[in-house]
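Undergrad: Sharing a model that was predicted from the sequence below.
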There are 2 protein chains.
Amino acid sequence: MQFFILAILVNLMYVSFMSTTDTSLHIAAVERDTGIPKDTLRVWERRYGFPRPMRNDHGERTYPLDQVATLRLVKQLVDSGYRPNRVVGRDEGELRDLLGAAETTPGPDLSAEAQGIVDALRRQDLAHVQETLRGLLMRRGLERFVIDTLAPLASAIGDAWAGGRLAIHEEHLFSEQVDRLLSQAISQLPVQNDRAPTLLGTLPGELHRLGLRMVESLFAVRGLPCISVGPDVPVDQLVDASRGHQAGCVALSISACGATPSAARAVLDLRNQLSNETMLWLGGRGASRLRPRPPAVVEVFETLPELAGRLDRT
Amino acid sequence: MQFFILAILVNLMYVSFMSTTDTSLHIAAVERDTGIPKDTLRVWERRYGFPRPMRNDHGERTYPLDQVATLRLVKQLVDSGYRPNRVVGRDEGELRDLLGAAETTPGPDLSAEAQGIVDALRRQDLAHVQETLRGLLMRRGLERFVIDTLAPLASAIGDAWAGGRLAIHEEHLFSEQVDRLLSQAISQLPVQNDRAPTLLGTLPGELHRLGLRMVESLFAVRGLPCISVGPDVPVDQLVDASRGHQAGCVALSISACGATPSAARAVLDLRNQLSNETMLWLGGRGASRLRPRPPAVVEVFETLPELAGRLDRT
DNA sequence: GAGATACGAATGTCTAGGACAAATGCAGTT
DNA sequence: AACTGCATTTGTCCTAGACATTCGTATCTC
């Protein structure tokens, strides 16, 4: 009996001070889950009539889960170049059609093994994922594995996640596996310690380590020293670290959803604060989409082979 | 000549539409660099008269760099328990004194090697850090290394970071190194695949992978299967993943700064949605500090040896 | 004296519209 | 085909008010 009363109490407290129930999220949670800033969520509502959140007891916005799902699709489309007035407010079906059209554009002609990995992820068949990846790495070698296998695979998985065909935890799991595999491979390669190292990292808010690790691999196969400070590093810390390690170059990985104005500003700030001798390189899907564009002294690499070519010329 | 005109143009554009010059930052940049939300910056200004930004031509706030530096100190103090009205508005000297006082309190009795690692980090001597860690792991074995070396070392480094004696990027670098070392060690150990696996992760907002990896190590030395979905995983994803992998147990790592009310709510929510046969374990410094406390069926481990003991009894 | 309870102050985050510069799209011109 | 100028779109900032939760402290009870 007492247990039940307690349970009810807990439940009441939960609903009242959460502002987040099983079926709806409050605005901060939506910002976190979709990556759309609060200000933008409010202004879209005012201008386009979508999203149309409910209100809780305090008059605060409360977003039903299906609207959050739609917002994720919208974000995906906006990130890939659509303008908000074309996509905000459309229903989910239309959005999926647009996304489908955009998706087939690159034609990520996956190899049989890569397709097998996506399927295994969906079946939660971890062992199969691990074995296939390991086998591919061994057969192709680190560089070809990263460029020919991992890059298309990662983008296919990103699309599958955005399109709802793969759960977040499945994508997390894939990242974990690949990260471990690459780490191991990298640490087995010798390094030329007489060269100035490159500092590797991502900007604040950017949490994807995978791109970082792939870039690190390209450095590693050439024996180029390279220090990864990991994801989510503030600008002033990158500056400090580049001084501390006497880095000849700072290389940032910017994912598609990381190409925000605030990232563009961060790049400018960084370029201004770095010494003139230190190069600044940007890579990743989002690198060429930064607006405003970084100054010309900042080198942008659209693809991994481009970066590999640059490394060979060094 | 053309180059100079271009340079001037770039510079003008930069100053005009960035609202960020060499000597001051606008509000979004301050949020990015200090981690203090924009709303909070504005409300501190209204309430405490600090920070006191200048205004640019459009009436937007423009924060001088020295105020940003002070804000960073304030943020550290607030994170370590001081209340804003005690620290916001104090001058930099006072803040440094407070930080210094907090610093000496714990006085963790580090081994010579561990102290050596902290020093090497501060000297940016990456090679020394790597070699020392590798050596300690080999000499002590994975379990003793994690419990006796890494645990105190990680907490010393956390303190040093909070006290401003270690830069963020130095702490990031340490995490990267240890993560790689542990990953490698773990993947070399055999696993009993006939047991139900444990799902490992952290809650949304919690980005520390190190604790996760240390726990994974304890599972690995016993051959217990264990799937790490990585940090920052939403509750519904943990539920899905535990079903998909038929996990017997979900184990969460909660760091000191992760013990927020929202984390406590997430734990409750998670326990409600998991099947009754699935255990829920919490570990890490923050686990026992959750308010409201999780129900008794949730097992909380204050220390790694406790967890190790529990694993041996399984 | 230790521990629980109650109350006031402190604190972060939400709300509403309004405003405006920069980016984009488009028409017209060289 | 490339450039120029104008209108629209868009994200972010602004002010100022509100309020639930948390923290500190004073009071009460065992």
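TA: Arrived safely, thanks for sending.
Undergrad: Just the buried residues of stretch A:110-128, please?
TA: In terms of neighbour count (16 or more other Cβ atoms under 10 Å in any protein chain shown), stretch A:110-128 has its buried residues at A:Leu110, A:Ala114, A:Ile117, A:Val118, A:Ala120, A:Leu121, A:Gln124, A:Asp125, A:Leu126. The C-beta positions use only the backbone N, C-alpha and C, and glycine is treated the same way.
Undergrad: Show me what from chain A comes close to DNA strand C.
TA: Counting by Cβ under 7 Å from any atom of the strand, the positions of chain A adjacent to DNA strand C are A:26-28, A:38, A:42-43, A:46, A:59-61, A:83, A:291-292.
Undergrad: Which one of those residues is nearest to chain B?
TA: Each of these was scored against chain B by Cβ to the nearest Cβ, and A:Pro292 proved nearest at 6.9 Å.
Undergrad: returning to what we had before: any idea which of the buried residues of stretch A:110-128 is closest to DNA strand C?
TA: Proximity of the buried residues of stretch A:110-128 to DNA strand C (Cβ to the nearest atom of the strand) peaks at A:Leu110, which lies at 30.5 Å.
Undergrad: where's the closest one, which helix or strand?
TA: Per DSSP states H and E, A:Leu110 falls between elements, in no helix or strand.
Undergrad: my guess is A:Arg134 is in a helix, correct?
TA: Yes. Membership of A:Arg134 in a helix is supported by DSSP: H, G, I helix; E, B strand; the rest coil.
Undergrad: gap between it and A:Ser255?
TA: With distances taken as Cβ to Cβ, to the nearest Å, A:Arg134 is found 25 Å from A:Ser255.
Undergrad: Likewise for A:Thr202?
TA: 8 Å.
Undergrad: Please identify every residue contacting each of the two.
TA: A:His208, A:Gly211 (Cβ atoms under 8 Å, 6 or more residues apart in numbering or on different chains).
Undergrad: higher neighbour count, these two?
TA: A:Thr202 (25 against 22; other Cβ atoms under 10 Å in any protein chain shown).
Undergrad: quick one: contacts for the more buried one?
TA: Going by Cβ under 8 Å, 6+ apart, A:Thr202 touches A:208-209, A:211-212, A:230-233, A:252-255, A:258.
Undergrad: Mind checking which of those are in helices?
TA: Among the contacts of A:Thr202, the residues falling in helices (DSSP state H) are A:Gly211, A:Leu212.
Undergrad: quick one: which of the contacts of A:Thr202 is nearest to chain B?
TA: A:Gly230 (4.6 Å).
Undergrad: got a list of what the closest one touches?
TA: Counting by Cβ under 8 Å, 6+ apart, the residues that A:Gly230 touches are A:Gly201, A:Thr202, A:Arg209, A:Leu212, B:His172, B:Leu173, B:Ser175, B:Glu176.
Undergrad: Just the CA atoms of the host helix or strand of A:Val129, as CSV, please.
TA: A:Val129 is part of helix A:126-140 when elements are defined by DSSP H and E. Presented in CSV, the C-alpha positions along helix A:126-140 are these (Å, rounded to 0.1, in the frame of the first residue of the first chain):
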residue,chain,number,x,y,z
LEU,A,126,27.7,-7.2,-32.8
ALA,A,127,30.0,-10.1,-33.5
HIS,A,128,29.3,-10.0,-37.2
VAL,A,129,30.0,-6.3,-37.3
GLN,A,130,33.3,-6.7,-35.5
GLU,A,131,34.5,-9.6,-37.6
THR,A,132,33.6,-8.0,-40.9
LEU,A,133,35.3,-4.8,-40.1
ARG,A,134,38.4,-6.5,-38.9
GLY,A,135,38.5,-8.6,-42.0
LEU,A,136,38.1,-5.6,-44.3
LEU,A,137,40.9,-3.7,-42.5
MET,A,138,43.3,-6.6,-42.8
ARG,A,139,42.5,-7.3,-46.5
ARG,A,140,42.6,-3.7,-47.7
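Undergrad: tell me which residues in it are buried?
TA: In helix A:126-140, counting by 16+ other Cβ under 10 Å, buried: A:Leu126, A:Val129, A:Gln130, A:Thr132, A:Leu133, A:Leu136, A:Leu137.
Undergrad: still on that earlier bit, can you put the contacts of A:Thr202 in TSV and add pLDDT?
TA: TSV is the format used below for the contacts of A:Thr202 (pLDDT from 0 to 100):
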residue	pLDDT
A:His208	86
A:Arg209	90
A:Gly211	93
A:Leu212	94
A:Gly230	89
A:Pro231	90
A:Asp232	86
A:Val233	88
A:Leu252	95
A:Ser253	93
A:Ile254	89
A:Ser255	85
A:Gly258	80
